[in-house]
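Asker: model this:
(one chain, ligands or ions: 1)
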Amino acid sequence: MKNNAIARGVRTAGALVVVALFSGLAGCMTNPTTGERQFNLMSMDQEIQIGREADTQISDTMGLYPDEALQDYVSGIGLPMGANSEWPDLPWTFRVIDEATVNAFALPGGHIYVTRGILAHFNNEAQLAGVLGHEIGHVTARHASNRISKMQVAQLGVGLAVLVDPELQRIAPLAGAGMQLLFLSFSRGDENESDELGVRYMADAGYDPEALIGVMETLRRVSASGDGTRLPEWQATHPYPENRKENIREHIRDLEPQEYRSDGRDEFLDRIDGIVYGEDPRQGYSRDGVFYHPELRFSLHFPESWAVINQRQAVIAVSEQRDAALQLSISSETSIDAAADQMYGVEQITGEGITGTRINGLTAGIGTFGAQSEAGRLEGSVAFIEYDQKIYQLIGYSEAESWPTYRETVNASLRSFAALTDRDAIDVEPMRLDVIGVDRTVTLRRFYETYYEGSTPPVSIEQIALINQLELESRVNAGTRVKMVR
Ligand SMILES: [Zn+2]
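Answerer: Now for the predicted structure:
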């Protein structure tokens, strides 16, 4: 969970897409990218407007990877490609999101993101350019405007509707419209078209499009996630992995033969050397049933055996039967009373309000509430805790019938919130990529064993093989640089 409030994204989000969809002219036009006549619910100006607002939300709430040189490097590759496309005047941006998942996203209007997780899986600059080209293709072929019209805009209020839909349960704090744009998945035809455009854009930029085939193979190897990470993996948002490589080969054959520049391997590896790899424990982690947040300096015992989902704007725990949830977030209000007023002011919420108390020495207010959701009546407890000049809001709830069985467990959780002072828990460090030259020709397996000799490897040999796009027994020649994790 990051230090910025859930409320900002969620509150403004609902109206955004709705307004944009119905305020302007829908029409039929010829898209210069595809040469086809397209029916679009939105004009390009509307796409730009939606994209811009969503981009702000995403930058505010998701977190960009804090490495300006790396951000500039990625922009430096993407911007000329966007400027060279059929839509050069879009407000193109290319950014690295601070996320371990392996994915890339395009927002309407030209905002493109890659995760630091996907960067760790590329071998060179050409592969990065290929994925940026593919995402540029989604923008220029205007695939999103099609999908958006099918999107349900959920009004989530203060997050009480998460019980409605297991899918929403996973993404509830991200359910602002801007965030939903990151969850669009495209059709088979869209994917194929983007691959074709990606091949063309990267070749125009001088990169050998063969590089895209290696990327597709790697993305296929990265298994689709179902582990409650904060963002979906590539396969979820870019479906239909089958036949991708064959299609890409066909598109490459259609190109005029040309001389390509170097694949930029060394430059790329220099840029990603030392980047954070995997989940960043400084943004929260669970150990022995306790959730720790080293940056925000708190700990909390979630109910035993509940699944904990740590997202940027909130931490959510969900019961085994998925019929109860506990959500911790930071209120946008600056006092306990104001935060309580905000919550009890929501139309669907009833209750007597809070009474003052102390929780592990911190000033707090605690209360009960009922709420009407689409799924039925909910009951729950809420605590507001003042800590480190922020108001933490903890809401636990279930369907009304099962609340008596959960009440005590949830209340115990709310009352377990405490300041984190344990130095060891605070000083936790993330894993990082280590780009290192191989001094004599060996198999990857042997190099791995030598590298981690005398210590416990933080990641498996399979993981190392995957990020290097190699097999365990692949020979690595002397002088080759490989990616390890330390
Ligand atoms: Zn795609």
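Asker: who's in contact with the closest residue to the ion within the chain?
Answerer: The ion sits closest to residue 238 of the chain, with a gap of 3.5 Å, by Cβ to the ion. (Glycine included, C-beta is placed from N, CA and C.) When contacts are counted by Cβ atoms under 8 Å, 6 or more residues apart in numbering, residue 238 is found next to 134, 185, 186, 191, 194, 219.
Asker: let's go with 10 Å and repeat that
Answerer: Counting by Cβ atoms under 10 Å, 6 or more residues apart in numbering, residue 238 touches 103-105, 131, 134-135, 138, 184-186, 190-191, 194-195, 216, 219, 232, 244.
Asker: same deal with residue 189?
Answerer: 141, 143, 240.
Asker: Mind doing that once more with 7 Å?
Answerer: Not one residue lies near residue 189 by Cβ atoms under 7 Å, 6 or more residues apart in numbering.
Asker: and it, what pLDDT?
Answerer: According to the prediction, residue 189 has pLDDT 88.
Asker: Show me how far the one helix or strand it maps to is from its chain's centre.
Answerer: Assessed by DSSP states H and E, residue 189 sits inside helix 188-204. Centre-to-centre, helix 188-204 and its host chain are 23 Å apart (Cα atoms, centre = their mean, to the nearest Å).
Asker: same thing with stretch 93-102?
Answerer: Offset of stretch 93-102 from its chain centre (Cα atoms, centre = their mean): 7 Å.
Asker: Sort out which residues of that stretch are buried, please.
Answerer: 93, 94, 95, 96, 97, 98, 99, 100, 101, 102 (16 or more other Cβ atoms under 10 Å).
Asker: if we can go back for a sec, restrict the contacts of residue 238 to those that also contact the ion, please.
Answerer: Restricting the contacts of residue 238 to those near the ion by Cβ under 5 Å from the ion leaves 191, 194.
Asker: So among the contacts of residue 238, which ones count as buried?
Answerer: Counted by 16+ other Cβ under 10 Å, those give 103-105, 131, 134-135, 138, 184, 186, 190-191, 194-195, 216, 219, 232, 244 as buried.
Asker: Let's see which of these end up in strands.
Answerer: Judged by DSSP state E, the buried ones among the contacts of residue 238 include 104, 105 as members of strands.
Asker: Contact partners for residue 257?
Answerer: Counting by Cβ under 7 Å, 6+ apart, residue 257 has no contacts.
Asker: how far away is it from residue 333?
Answerer: The gap separating residue 257 from residue 333 is 63 Å, by Cβ to Cβ, to the nearest Å.
Asker: What ranges does the stretch 351-486 of the chain have for its helices?
Answerer: Along the stretch 351-486 of the chain, the segments classed as helices by DSSP state H, counting those that start in this stretch run 403-414, 423-426, 444-451, 461-467.
Asker: Let me have the ones you listed in CSV, adding distance to the ion, mean pLDDT and mean neighbour count as columns.
Answerer: Shown next, in CSV, are the helices of the stretch 351-486 of the chain (distance: least, Cβ to the ion, whole Å; pLDDT from 0 to 100; neighbours: other Cβ atoms under 10 Å):
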stretch, distance to the ion, mean pLDDT, mean neighbour count
helix 403-414, 40, 96, 18
helix 423-426, 40, 94, 11
helix 444-451, 30, 97, 17
helix 461-467, 20, 95, 18
